[in-house]
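Asker: Sequence and predicted structure, then a few things I'm wondering about:
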Amino acid sequence: MGFALAVSTGSESVTTVSDYMLWAMDRAETRVIGLFLEGVRDAPCFVAALQRAEERRIPVVVLKVGRTAKSAQMAESHTGALAGNDGAYLALFRRYGVIHVDDLDEMAATLALFDTGRRAGDGGLATMHDSGGERELLVDLAETTRTPWAAISDTTKARIAAHLDTGLVAENPLDAWGTARDYEARYTACGRALLDDPDTALLGFFSDPRDGHGYHLGLVRSVIAMAEGQDKPVFIASNTLLTEDMDLVRLARDAGVPLIKGTRAALSAARAVLAFHRHRIDDIVPEAAPAPALPPGPMGEAAGLGLLRAHGIDAAKTISISGADQIAQACATLRLPVVLKTAAGHAHKSDVGGVVLNLATPQEVQTAYADMAARLGPQATVMEMAPAGVELALGAFNDPGFGPVMALSAGGVLIEVFRDVAFALPPLTPAGARALLSELKIARLLEGHRGAAPADTAKLCDTISRFSHMVWSLRDQISEVDVNPIIITPDRAVAVDALIIAKPPEAPHGS
């Protein structure tokens, strides 16, 4: 790898990583920025640097370390516990199209692929292989990571077929080996056909190249020939880290073709290039509507659900009670069956036996209330029983540096077990909400599972968007929000529990 600028920023007592980023982006030779990041000293300046990178279409690749914090254990909401010390960074990276990597190998591979200066086209990944088994390995990894393949046309297939040995199939991913007959010319012709296809965004040749081997020298020459005159990225990937290939690495790099070590790292780098090409900043920050002052501390569930309804979010009907004499009226007002919940300041009611479901008669409510009041106090809520469906959770917290951050995750009592969560900066459009939803593994259940009808994802995305605008408009008042669960059915996305914690009032100066 080559560097235009390499800096160890030290304690950043004078000059910060953001300052170096802003300086580097004013230099013509800067094609990509890589950051090994522990934290940010000056959050507004860092945001400004990411905005500048977004405007200039300079990729930023970040390896963020220090992802956990003791403070996460002290958060009052599920969302705070899920976020740890990393949620705000992940949300910020999403907003500005920052590429987030997990280790140094992945970082090096991603920087090398961006450093070519070529930019991905529309569509997906096309790959070539000289091993059927290693092609299957890549297909398996691409399936688990949901890497999009280029859907090549029949015209492209016909061009490829003319150069393949008997028995090989013109398709993507392409097993192009067969025999050694004129393989350099055959590889080059097949690669050019793939690159000319409008749905190919970038092309990779996966093999195990090593120095001192005539076949691999020819392979590298053929890939260099494919890349000549191309605007789309072209790379070579070694499926193993064990080969000695530095001579081939230099030969390929000098021609603008990186040779990346490792199947997984190469696939990750390709996904990063695709993601960067597709990223469009969703800058829809509206003017904040005047909002009434919230009472300090946790807001009661009934009040919290009422706040959601005031922002256009479907929420279960709820009545607060403080004595057994109020149960009959509550049951007459609500549709049975109902849920009884404690309202006596317990953030996580199910943990203390403060939730009783599916109470079908007023007498069942009376019995459950007598037990709950004896253990947890007389304050309670009676709520209409929500229909069965897929359970998700929406949350938000205020980061000291980056402001309001929202989280979407698997919901219900297993929210912290699965840790299936995605973060974003509010506000979001419904389209932005759909992109956030697509990151969750549990989202597949919304498509219908084992004969179940598909859930109303359009209504869910509208709900997520409305929630994000609520969080944005109340950003100066809210400390944490936890809406868990939201139940999604074929015709509803209904919130059935809400914990909203207002910011404490600021102490007067000098106190």
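Answerer: Yep, that arrived. Numbers count the residues shown, from 1 in each chain.
Asker: Helices of the stretch 351-500 of the chain, start to end?
Answerer: For the stretch 351-500 of the chain, helices defined by DSSP state H, counting those that start in this stretch occupy the ranges 362-376, 415-418, 430-437, 457-473.
Asker: So which elements touch the last one?
Answerer: Think helix 457-473. helix 301-310, strand 390-399, strand 403-410, helix 430-437, strand 478-488, strand 493-495 (3 or more Cβ pairs under 8 Å, 6 or more residues apart in numbering; DSSP states H and E). Quick note: C-beta positions are derived from backbone N, CA and C, even for glycine.
Asker: buried sites along that helix?
Answerer: 457, 459-473 (16 or more other Cβ atoms under 10 Å).
Asker: which two in these are spaced the farthest apart?
Answerer: Using Cβ to Cβ, the buried residues of helix 457-473 reach their maximum pairwise distance at Thr457 and Ser473, which is 24.6 Å.
Asker: quick one, phi psi at Ala315?
Answerer: phi -140, psi 140 (degrees, to the nearest 10).
Asker: Please apply the same query to the one 4 residues further on.
Answerer: When quoted as degrees, to the nearest 10, the phi and psi of Ile319 stand at phi -130, psi 130.
Asker: how near is it to Leu334?
Answerer: 6 Å (Cβ to Cβ, to the nearest Å).
Asker: Identify the contacts common to these two.
Answerer: By the contact definition Cβ atoms under 8 Å, 6 or more residues apart in numbering, Ile319 and Leu334 are jointly contacted by Val382, Met383.
Asker: so which of the helices of the stretch 351-500 of the chain gets nearest Leu241?
Answerer: When these are compared (using Cβ to Cβ), the closest one is helix 415-418, at 32.0 Å.
Asker: pLDDT score assigned to the closest residue to Gly304 other than its chain neighbours?
Answerer: With sequence-adjacent residues excluded and distances taken as Cβ to Cβ, 6 or more residues apart in numbering, Gly304 is closest to Ala498, at 3.4 Å. Ala498 carries a pLDDT score of 87 in this model.
Asker: Quick check: beta-bridge partners of Ala498?
Answerer: Here Ala498 sits in beta bridges with Val483, going by DSSP bridges.
Asker: count of residues packed around it?
Answerer: 25 (other Cβ atoms under 10 Å).
Asker: just checking, it touches Leu308?
Answerer: Yes. Counting by Cβ atoms under 8 Å, Ala498 does reach Leu308; the two are 6.0 Å apart.
Asker: Now do the shared contacts for those two.
Answerer: Jointly contacting Ala498 and Leu308 under the rule Cβ under 8 Å, 6+ apart are Ala315, Val483.
Asker: Show me where the protein dips below the pLDDT cut-off.
Answerer: 67-85, 281-292, 297, 344-348, 413-418, 449-451, 505-511 (pLDDT under 70).
Asker: Need the phi and psi values for the residue in it sticking out farthest from the centre.
Answerer: Computed with Cα atoms, centre = their mean, the maximum C-alpha offset from the centroid of the chain is found at Asp325, amounting to 48.6 Å. Main-chain torsions, Asp325, degrees, to the nearest 10: phi -70, psi -10.
Asker: Make sure Leu267 is actually in contact with Thr147.
Answerer: Yes. Using Cβ under 8 Å, Leu267 is in contact with Thr147, at 6.2 Å.
Asker: for the residue nearest to Gly304, what are its contacts?
Answerer: Contacts of Ala498 by Cβ under 8 Å, 6+ apart are Met299, Glu301, Gly304, Leu305, Leu307, Leu308, Ala315, Val481, Asp482, Val483.
Asker: Scan the residues you listed and report the most crowded one.
Answerer: Within those, neighbour counts (other Cβ under 10 Å) peak at Val481, which reaches 30 neighbours.
Asker: if I read this right, that residue contacts Val471, doesn't it?
Answerer: Yes. The pair Val481 / Val471 is scored as a contact, 6.5 Å apart, by Cβ under 8 Å.
Asker: Identify the contacts common to the two.
Answerer: Residues touching both Val481 and Val471 (Cβ under 8 Å, 6+ apart): Ala396.
Asker: Going by neighbour count, list what's buried in stretch 254-264.
Answerer: Buried, per 16+ other Cβ under 10 Å, within stretch 254-264: Ala255, Gly256, Val257, Pro258, Leu259, Ile260, Lys261, Gly262, Thr263, Arg264.
Asker: Please identify the helix or strand for the residue lying closest to Ile160 once chain neighbours are set aside.
Answerer: Closest residue in space to Ile160, ignoring its immediate chain neighbours: Ala170 at 4.0 Å, by Cβ to Cβ, 6+ apart. Per DSSP states H and E, Ala170 falls between elements, in no helix or strand.
Asker: What count of nearby residues applies to Ala170?
Answerer: 20.
Asker: cool, Lys441 as well?
Answerer: What Lys441 shows, counting by other Cβ under 10 Å, is a neighbour count of 9.
Asker: Use 706 as the first number from now on
Answerer: In the new count, where the first residue is 706, that last one comes out as Lys1146.
Asker: what about it, distance to Thr850?
Answerer: Relative to Thr850, Lys1146 is positioned 12 Å away (Cβ to Cβ).
Asker: Ok, Ala894 next?
Answerer: From Ala894 to Thr850 the distance is 30 Å (Cβ to Cβ).
Asker: Ala1163 now?
Answerer: 27 Å.
Asker: what's the answer for Ala1078, then?
Answerer: 51 Å.
Asker: which of these two has more neighbours?
Answerer: Neighbours were counted for Ala1078 and for Thr850 using other Cβ under 10 Å; Ala1078 has more, 19 against 12.
Asker: is it true that that one touches Ala1085?
Answerer: Yes. Using Cβ under 8 Å, Ala1078 is in contact with Ala1085, at 7.1 Å.
Asker: ok so, going back, export the buried residues of stretch 959-969 to TSV and tack on secondary structure and distance to Asp807?
Answerer: Output for those, formatted as TSV (DSSP: H, G, I helix; E, B strand; the rest coil; distance: Cβ to Cβ, whole Å):
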residue	secondary structure	distance to Asp807
Ala960	coil	29
Gly961	coil	26
Val962	coil	25
Pro963	coil	19
Leu964	strand	21
Ile965	strand	16
Lys966	strand	16
Gly967	coil	13
Thr968	helix	15
Arg969	helix	10
